[in-house]
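> can't give you the sequence, but here's the structure:
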Ligand SMILES: O=P(O)(O)OC[C@H]1O[C@H](O)[C@H](O)[C@@H](O)[C@@H]1O
């Protein structure tokens with residue numbers, strides 16, 4: 001990786017630098033008047049986002065994470081595409097698709113004054129991909145680092161056949177104490193409980209997490225809030241083009257089976273994932289595109 005060339009093509013003085021990160025992987029380090037952020041080209045993954053007034057990161061990143069080709073980075077916001085969860089065809093292809101396990105290309109960087117920095121990453125069909133995904137495509141991930149964190153993942157169908165995808169921003173949010181967190185905005189929604197073979201249930205009241213959870217909420221609201229009384233903040237998640245949301249925390253027992261999480265890490269994060277998951281299948285016609293968007297902002301609790 002030629003960091004000098006990357007910086008000469010994409011660096012922005014006093015705002016954006018491409019650095020060798022963990023495992024020598026290229027990472028984009030951003031600092032502007034609004035926030036600090038770190039984005040990995042491997043996985044096209046935002047690893048850190050911290051508005052300047054905050055002492056704690058908005059995102060959780062595991063200190064035990066692997067930074068190795070073929071493995072996903074545990075934390076931040078992995079991109080799940082072109083399927084969410086296990087391989088829909090049962091062909092043993094990776095969980096959550098393949099783009100979180102490959103390098104993306106840096107396509108564009110831009111400073112909007114000194115308060116917002118924009119980065120666009122590209123993943124094209126010419127990249128190494130699973131040989132069982134043959135549909136031509138191009139993915140563009142637009143990231144805005146400002147007072148809030150904004151993501152837009154656009155899928156372009158560049159072939160002559162339609163294809164269908166599921167997808168998600170698998171966001172790991174840093175919380176003060178999982179047992180005291182409340183997730184607002186899913187009240188009365190139906191959900192599939194993945195821990196009980198997908199049994200359908202109804203959410204009564206706000207979501208609190210006191211044990212392992214793995215749920216796909218359907219007809220979920222576009223605005224969700226994680227209320228965190230310990231860090232005294234609320235994380236607002238807005239995702240206009242989705243009708244599903246996933247809530248996941250592995251808790252102590254399942255965490256122990258995960259080599260890239262420390263034993264007590266489950267207390268410090270919650271995954272609330274905006275996406276088009278399960279029955280929210282998106283069909284992308286030849287020559288057309290679809291954008292998954294999410295906006296993450298903070299307010300005091
Ligand atoms: O370990 P990973 O492949 O990153 O998946 C981690 C988790 O992601 C999602 O939240 C799924 O709903 C879970 O079933 C899965 O365990």
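Structure received. Note that this is a predicted model, so its numbers are computed, not measured.

> count the neighbours of the residue of the stretch 151-300 of the chain found nearest the ligand for me.
The nearest approach of the stretch 151-300 of the chain to the ligand comes at residue 248, 3.2 Å away (C-beta to the nearest ligand atom). In this view, the C-beta of every residue, glycine as well, is placed from N, C-alpha and C. Residues near residue 248, counting by other C-beta atoms under 10 Å, number 19.

> go ahead and list the helix or strand containing it.
Here residue 248, judged by DSSP states H and E, is contained in strand 244-249.

> could you list the paired strands of the top strand by length along the chain along with their orientation?
Longest strand of the chain, by residue count under DSSP state E: strand 289-300. For strand 289-300, the paired strands and their directions (DSSP bridges) are strand 149-157 (antiparallel), strand 233-238 (antiparallel).

> could you measure from residue 223 over to residue 239?
According to C-beta to C-beta, to the nearest Å, residue 223 stands 8 Å off from residue 239.

> neighbour count: the two, which is higher?
Per other C-beta under 10 Å, whichever of residue 223 and residue 239 has more neighbours is residue 239, with 25 against 13.

> so that one touches residue 221, yeah?
No: with contact defined as C-beta atoms under 8 Å, residue 239 does not reach residue 221; the gap is 9.5 Å.

> what residues does the stretch 151-300 of the chain have near the ligand?
For the stretch 151-300 of the chain, the contact set with the ligand under C-beta under 6 Å from any ligand atom comprises 194, 214, 246, 248, 271.

> residues contacting the closest residue to the fourth one other than its chain neighbours?
When you say that, I think you mean residue 248. Closest residue to residue 248 apart from its sequence neighbours, by C-beta to C-beta, 6 or more residues apart in numbering: residue 271 at 4.2 Å. Contact analysis of residue 271 by C-beta atoms under 8 Å, 6 or more residues apart in numbering lists 170, 171, 172, 173, 246, 247, 248, 249.

> same thing but at 7 Å, please
By C-beta atoms under 7 Å, 6 or more residues apart in numbering, the contact list for residue 271 reads 170, 171, 172, 246, 247, 248, 249.

> by neighbours, which of these wins?
Of the contacts of residue 271, with other C-beta under 10 Å as the count, residue 171 tops at 29 neighbours.

> OK, contacts around that residue?
Neighbouring residues of residue 171 by C-beta under 7 Å, 6+ apart: 77, 271, 272, 273.

> how much space separates the closest residue to residue 259 other than its chain neighbours from the ligand?
The shortest distance from residue 259 to any non-neighbouring residue, by C-beta to C-beta, 6+ apart, is to residue 64 (7.0 Å). Residue 64 sits 13 Å away from the ligand, taking C-beta to the nearest ligand atom, to the nearest Å as the criterion.

> spit out the contact partners of residue 64.
259, 260, 261, 262.

> residue 144 is in contact with residue 150, correct?
Yes: applying C-beta atoms under 7 Å as the test, residue 150 and residue 144 come out as touching, 4.1 Å apart.

> how about the residue of the chain most remote from its centre, phi and psi?
For the chain, the largest distance from the centre (C-alpha atoms, centre = their mean) belongs to residue 160, which lies 29.0 Å off. Dihedral pair for residue 160: phi -110, psi 10, per degrees, to the nearest 10.

> tell me, what's the model's pLDDT at it?
Note for residue 160: predicted pLDDT of 95.

> gap between the two ends of stretch 234-252?
Stretch 234-252 has an end-to-end distance of 25 Å (C-alpha to C-alpha, to the nearest Å).

> longest helix of the protein?
The single longest helix within the chain, with elements called by DSSP state H, is helix 3-10.

> distance between the next helix or strand after that one and the chain's centre?
Per DSSP H and E, the first helix or strand lying C-terminal to helix 3-10 is strand 16-20. With C-alpha atoms, centre = their mean, to the nearest Å as the basis, strand 16-20 stands 21 Å off its chain's centre.
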